[in-house]
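> Pasting the sequence and the predicted coordinates here, then a few questions.
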Amino acid sequence: MKRGTLPLNALRAFEATMRHGQMSHAAEELGVTHGAVSRQIRGLEQVLGVPLFEGPRNRLVPTDAARALQPSLTEAFDRIETAVLRTMHTDRRVLDVSCLSTLTMRWLIPRLAAFQAEQPEIEVRLTADDAPVDFTRQRFDVAIRVGPGPWGAARALPLFADLTGPVLSPALCDSLRDPAALDDPAALLGLPTLHTRTRMSAWPDWCAQQGLPVPEAARIFEHFYFMLEAATAGLGVAIAPEVLVRDDLAAGRLLAPFGFRPSGQTYVALTPEQPSRDAACFTTWLQRIATG
């Protein structure tokens with residue numbers, strides 16, 4: 001078959017279906033309907049003269065011909081994508097980074113100017129997200145997440161352990177009749193406690209470590225950022241990751257009378273198995289500032 005007659009749209013639909021394992025996911029990536037992908041693949045089978053999938057529509061099984069065709073197609077499309085991106089980024093290189101929203105605001109953005117000073121030719125484009133990342137379906141170069149792992153088909157570079165502990169404002173501490181009571185962790189149970197829906201286990205986990213009963217939730221917030229702002233305003237005591245309040249502790253806006261303990265989770269920088277040069281540069285910088 002001559003190059004000018006290659007059914008490129010059909011080949012893209014087939015390659016995406018093989019890579020994702022489902023036509024619906026291929027359709028989502030390509031921005032078309034499930035029916036359009038199905039028609040493209042049927043047309044490709046007619047052109048090739050061989051079946052590519054067998055079985056019922058909801059449980060398609062690739063044939064030997066499909067498995068033989070897919071690796072070369074994936075390699076070819078990867079090379080095309082790399083060549084196009086290289087051309088697009090000759091003068092302006094964009095790095096798409098997905099990061100937890102509160103970590104973005106309280107840790108990453110305040111430090112990002114240092115990276116831009118080192119690498120002014122790379123534009124970092126941030127997306128706030130805490131959902132699982134799939135580099136085969138999403139156009140992110142780097143994702144920063146927290147959890148125990150494993151992280152699936154991604155390269156995971158550890159940044160720092162998730163350390164958590166109670167924090168409160170100096171004003172709330174001063175409101176205690178006997179500030180020395182804060183020598184005893186149980187004293188916190190007499191103060192309003194703040195919770196976030198994104199980590200409702202924070203207080204139970206900390207109380208279990210201290211051998212204390214779990215306090216009733218005084219206020220529950222939708223996001224970490226709201227809860228931490230409430231703690232800074234003196235509305236109560238919050239269990240917070242150290243990395244999210246590091247700057248507040250240094251500035252004296254919050255106190256951590258009992259320090260921080262490992263939660264068993266780790267903040268990691270995720271990339272595809274073969275990251276781009278700019279992604280590798282950014283994750284190396286992340287590791288440097290994380291340990292600095």
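Everything's here; your move.

> For the rest of this, base every contact and every neighbour count on C-alpha atoms.
OK.

> show me the contacts for the nearest residue to residue 44 once chain neighbours are set aside.
Of all residues beyond its chain neighbours, the one nearest residue 44 is residue 10 (5.9 Å), with distances taken as Cα to Cα, 6 or more residues apart in numbering. By Cα atoms under 8 Å, 6 or more residues apart in numbering, residue 10 lies in contact with 37, 40, 41, 43, 44.

> Tell me the spatial nearest neighbour of the fourth one, not counting adjacent residues.
It stands for residue 43. residue 10 (7.3 Å).

> hmm, back to that, tell me the SS of the residue nearest to residue 44?
Assigned with DSSP: H, G, I helix; E, B strand; the rest coil, residue 10 falls in the helix class.

> Stretch 143-162 spans what distance, first to last residue?
Taking Cα to Cα, to the nearest Å, stretch 143-162 runs 17 Å from one end to the other.

> residues in contact with that stretch?
97-100, 130, 133, 135, 241-243, 262-273, 283, 286-287, 290-291.

> ok, 7 Å please
For stretch 143-162, the external contacting residues (Cα atoms under 7 Å, 6 or more residues apart in numbering) are 97-100, 130, 241, 262-273, 287, 290.

> So which of these are in strands?
Applying DSSP state E to the contacts of stretch 143-162, the entries found in strands are 97-99, 241, 262-271.

> Now restrict those residues to buried residues only.
Buried by 16 or more other Cα atoms under 10 Å: 97, 98, 99, 241, 263, 266, 267, 268, 269, 270, 271, out of the ones in strands among the contacts of stretch 143-162.

> Flag the least confident of the residues you listed.
Across these, no position has a lower pLDDT than residue 263, which has 90.

> Scan this protein for its longest strand.
In the chain, with assignment by DSSP E, the single longest strand is strand 155-167.

> and that strand, which residues are buried?
Within strand 155-167, the residues scored as buried using 16+ other Cα under 10 Å are 155, 156, 157, 158, 159, 161, 162, 163, 164, 165, 166, 167.

> ok, now how distant is the second one from residue 275?
From residue 156 across to residue 275, the span is 11 Å (Cα to Cα).

> just the last one next, same as before
Here the criterion is Cα to Cα. By it, residue 167 lies 38 Å from residue 275.

> One more: the fourth one?
With distances defined as Cα to Cα, the gap from residue 158 to residue 275 amounts to 16 Å.

> Setting the sequence-adjacent residues aside, check what's closest to residue 267.
Nearest to residue 267 is residue 146, by Cα to Cα, 6+ apart, at 4.2 Å.

> can you pull the buried residues of the strand or helix carrying residue 77?
Assessed by DSSP states H and E, residue 77 sits inside helix 64-88. Within helix 64-88, the residues that count as buried by 16+ other Cα under 10 Å are 66, 69, 70, 73, 74.

> Remind me what that helix packs against, helices and strands.
With contacts taken as 3 or more Cα pairs under 7 Å, 6 or more residues apart in numbering; DSSP states H and E, helix 64-88 sits against helix 8-20.

> and the helix it packs on, what's its mean pLDDT?
90.

> The helix or strand just after that helix: which residues count as buried?
Sequence-wise, the next helix or strand downstream of helix 8-20 (DSSP H and E) is helix 23-30. Neighbour counts over helix 23-30 (16+ other Cα under 10 Å) mark 23, 24, 25, 26, 27, 29 as buried.

> Switch those over to a markdown table; also include distance to residue 139 and pLDDT.
Shown next, in a markdown table, are those (distance: Cα to Cα, whole Å; pLDDT from 0 to 100):
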| residue | distance to residue 139 | pLDDT |
| --- | --- | --- |
| 23 | 19 | 89 |
| 24 | 18 | 87 |
| 25 | 14 | 85 |
| 26 | 14 | 87 |
| 27 | 15 | 88 |
| 29 | 10 | 85 |
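
> got JSON lines for the residues you listed, with distance to residue 211 too?
Output for the buried residues of helix 23-30, formatted as JSON lines (distance: Cα to Cα, whole Å):
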{"residue": "23", "distance to residue 211": "52"}
{"residue": "24", "distance to residue 211": "49"}
{"residue": "25", "distance to residue 211": "47"}
{"residue": "26", "distance to residue 211": "51"}
{"residue": "27", "distance to residue 211": "52"}
{"residue": "29", "distance to residue 211": "49"}
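
> Nearest to residue 216 among these?
residue 25 (43.1 Å; Cα to Cα).

> do you know how far residue 259 is from residue 183?
With distances taken as Cα to Cα, residue 259 is found 12 Å from residue 183.
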